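A.B. asks: no sequence on this one, just coordinates:
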């Protein structure tokens, strides 16, 4: 039928052109590894991203070719985010917290043709470069060192090779723009390819008032690394809206972040709960030290934020919103925002609601799939969270054996276990591998962990299933106390009984000095399960052991 | 390349399912033609829209078939907005202000197979039904009258024919969902087909904090008719976000609207300036009578809002934002929102900025095309406004002869004349046909009209070009005074000289009792030009005539 709408593709090229046309004066601020502050404008960013695109084209980058980055959160990484896709390439963000063996595997699996690397990360690169497929390596260097002798090229000199005659290719919105490997706790890392369309639609949904409500007049500071799930999508949102962007570099302790919040007038930031805990501790330790923006709001993702964290930050005027998502969902899929008729909930319900992972953004569908089919939205029936939508991955790159992660009717199986209530608020209760099955009943290790972390003496807690001769599995709690604090197993049981039935409590508590984490800060439950699989249950009730 | 994102189409079906799943409790409120208030929830809306889809499918509606509506703004119209597209049909909103001859032409040109009509509009339908192609006509009736004898069917009985076995067709996002004919001031009405994709993307952009900032907790009241450019897109936004919707029926005088603002706690509404003038007059006449929502904000489109209107409404706590758009752009394309670094502008600049039509929403491109090519963004060079984007029409339905409205490089020629400043703020200075060319210099009739309407004695003003023996063309002003007010031509000239040069002033002023308008409330300049084309200029300066 004629008479329809224009066939105008949703690509990052539009965002790049728009930010220069409309918001060229707005600042992009980076805190560099040497703690210096770098400032330039979106007009500067635009010129340099275009030069990167031109230089890459001239260097023979073809449509769909991958260019890897091994970089911190600072302005050249933002240039890579847009310059590489603008010429038809795919920016592949390498996770600098991974083991060199893993990095070598990932670079080969994705077939990265080139690499842009920060000079401070050259020691890491040296550990796997010989095994990596990079044809050319460009170094972002504060020192402007002569690097060619080592087979490296200077990033600035590479940009200078652009001849100011770059013309954008005509990109389709379904072409790949970015790539990220998930740091799964089991199996090989798996690659997710983000299309231009997915990144654009995600940005629209992310910025909505019901999601994270981002406007041009905000100041955005992404705390998630730019190699981790697109830094929660913040760089794309900032460029789409022309919002001032502040990148904190490698400094993510509470005081450093709060200093930057104050000096740059930050209004929106995203981070994992661990970082938020550090911010709260700093606020409690130094009352009145920082003058924060009155509308400062934070997004917390990557793990469930405990109620004490939300309450504590509220007391300091920082409103924390939970989001749920993963690398495979670009990442934002749900947000725990109160609905219009929930604004006056009693305090306890208010926080209970905000502690859920929330309802879906427009165009994301979710369901909980149990062994008996799709679970009802009753807030009780547990099932594996499955999602679908235009910014949900349809497969992993070059990994046909992982097709089992998608159902026959086209949903992605997240590996998270959840309930969904009648209001559509989803709550993660566990990972599929982390649920504890005790005497035929499920116990949520995540609920126990969240509750334990609300205890004033506890810094971190993990709860794992350990096989049990009578009950099949029982929960074992591993506890790190805060410096100068201690607590007994009996006290913890009393504390947990405020929220749990007796049969749901951990049978034993082990006090430890550290817990294993993934490169993105999540508890490495698989390692804990392995470590404690031979645990001998002390037969009668509560036992605590120190530093096994 | 494998590994990419899901192929999940952007269709209205997702919005319909979402609003029921997540926001089934939220109210949809309609003021009926008999002034009664009808209330139901989105869950009710969902059930009835699905039944409409099922009944239409059963009645043999095929993919892409048009179903016309001749309806006011109330809940059955909302059901048509979603029920018809949900089964693959196209909802075609007939403009009930048009002449029956035009309606007959449009219904035939679009090939409407069926019609849904409000009972209060049956007298209008009777005037063209014999010439229209409708196979079946469904009447929305408060009286539940027996209508079959007249060849009409009852809407409620038609819904009852659904057998609860309706299954959505698998719709592509580029299929048509809605249709609207433009009431152009020249030529035949032209049909625009809206794809599902365009309506969805428009809703995302519309709801952004930088556009109209709509959240679930808002209360939306569309004042633009639902047959006029999708009621500015409000019904789609409301259903996407689950926002309470209040439809005012046919009562759009200031007091009636303010009563409804107060009783339903309205926070966002859109209207043409004429309606806003009525609201402001009522506020001024009855100070303190209404307790409005503290964050009440209004969108003004369809014509330029004068500064006095923005200032006046600000004094009553109503923040008015200008948008620019047209039927061919779904409609929103630009919005005049201050940027981050403009928040502290001096008052005069603040209002001057808000009186422009503003910058583009993401994914809309604009340019001003003059005879010498694309005009620079200098705020001075005048050109025809051209736009492109995913919710801009690519052609008119079945009107190949109108292809001249699109440039060879794919831009839509709006027929509006504008400047664009260095900040990307676009300002409409005239219609291509309304600019006045005086001695080789352009004079903007729109600027003169806006300025005249800021005068406290003037209700409405029109300025048209009339041929002149010496200057080629000169401006002639046509003035309606407010009741009980009068003003002289000399006084008006003094008033205009605050903003204009002497050569730009109208040479003559004519005081009249009424001015001709299009069906959507715009000045019908073509008729005025025709009416005054033989105007004899009074030779020396200012002349005023009463009721020529």
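C.D. replies: Good, I have the coordinates. Everything numeric in this text was worked out from a predicted model, so none of it was measured. Numbering: from 1, shown residues only, chains lettered A, B, ... in the order given.

A.B. asks: give me the phi and psi angles of the one residue in the stretch 351-500 of chain A that gets nearest to chain B.
C.D. replies: The nearest approach of the stretch 351-500 of chain A to chain B comes at residue A:397, 3.2 Å away (C-beta to the nearest C-beta). Quick note: C-beta positions are derived from backbone N, CA and C, even for glycine. When quoted as degrees, to the nearest 10, the phi and psi of residue A:397 stand at phi -70, psi 120.

A.B. asks: I'd say it and residue A:192 touch.
C.D. replies: Yes: in terms of C-beta atoms under 8 Å, residue A:397 counts as a neighbour of residue A:192; the distance is 7.1 Å.

A.B. asks: so these two - more neighbours on which side?
C.D. replies: When residue A:397 and residue A:192 are compared for neighbours, residue A:192 comes out ahead with 28 against 23, by other C-beta atoms under 10 Å in any protein chain shown.

A.B. asks: who does that one form a beta bridge with?
C.D. replies: Beta bridges link residue A:192 to residue A:180 when assigned by DSSP bridges.

A.B. asks: is it true that it touches residue A:181?
C.D. replies: Yes: here residue A:192 reaches residue A:181: they are 7.4 Å apart, a contact under C-beta under 8 Å.

A.B. asks: helices of the stretch 1-150 of chain A, start to end?
C.D. replies: Taking DSSP state H, counting those that start in this stretch as the criterion, the stretch 1-150 of chain A carries its helices at A:12-23, A:42-58, A:75-86, A:100-110, A:122-126.

A.B. asks: what is the burial count for the residue lying closest to residue A:298 once chain neighbours are set aside?
C.D. replies: Of all residues beyond its chain neighbours, the one nearest residue A:298 is residue A:320 (4.7 Å), with distances taken as C-beta to C-beta, 6 or more residues apart in numbering or on different chains. Residues near residue A:320, counting by other C-beta under 10 Å, number 22.

A.B. asks: could you confirm residue A:320 falls within a helix?
C.D. replies: No: with DSSP: H, G, I helix; E, B strand; the rest coil as the criterion, residue A:320 is assigned strand and is not in a helix.

A.B. asks: any idea how far it is from chain B?
C.D. replies: When distances are taken as C-beta to the nearest C-beta, to the nearest Å, residue A:320 and chain B turn out to be 18 Å apart.

A.B. asks: ok, back up a step: can you list the helices of the stretch 1-150 of chain A in TSV and add mean pLDDT, mean neighbour count and distance to residue B:452?
C.D. replies: Putting the helices of the stretch 1-150 of chain A into TSV (pLDDT from 0 to 100; neighbours: other C-beta atoms under 10 Å in any protein chain shown; distance: least, C-beta to C-beta, whole Å) gives the following:
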stretch	mean pLDDT	mean neighbour count	distance to residue B:452
helix A:12-23	98	23	32
helix A:42-58	98	22	40
helix A:75-86	98	26	47
helix A:100-110	94	19	65
helix A:122-126	94	15	69
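
A.B. asks: need those helices in JSON lines (columns: distance to residue B:10).
C.D. replies: Written out in JSON lines, the entries for those read as follows (distance: least, C-beta to C-beta, whole Å):
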{"stretch": "helix A:12-23", "distance to residue B:10": "17"}
{"stretch": "helix A:42-58", "distance to residue B:10": "28"}
{"stretch": "helix A:75-86", "distance to residue B:10": "21"}
{"stretch": "helix A:100-110", "distance to residue B:10": "29"}
{"stretch": "helix A:122-126", "distance to residue B:10": "41"}
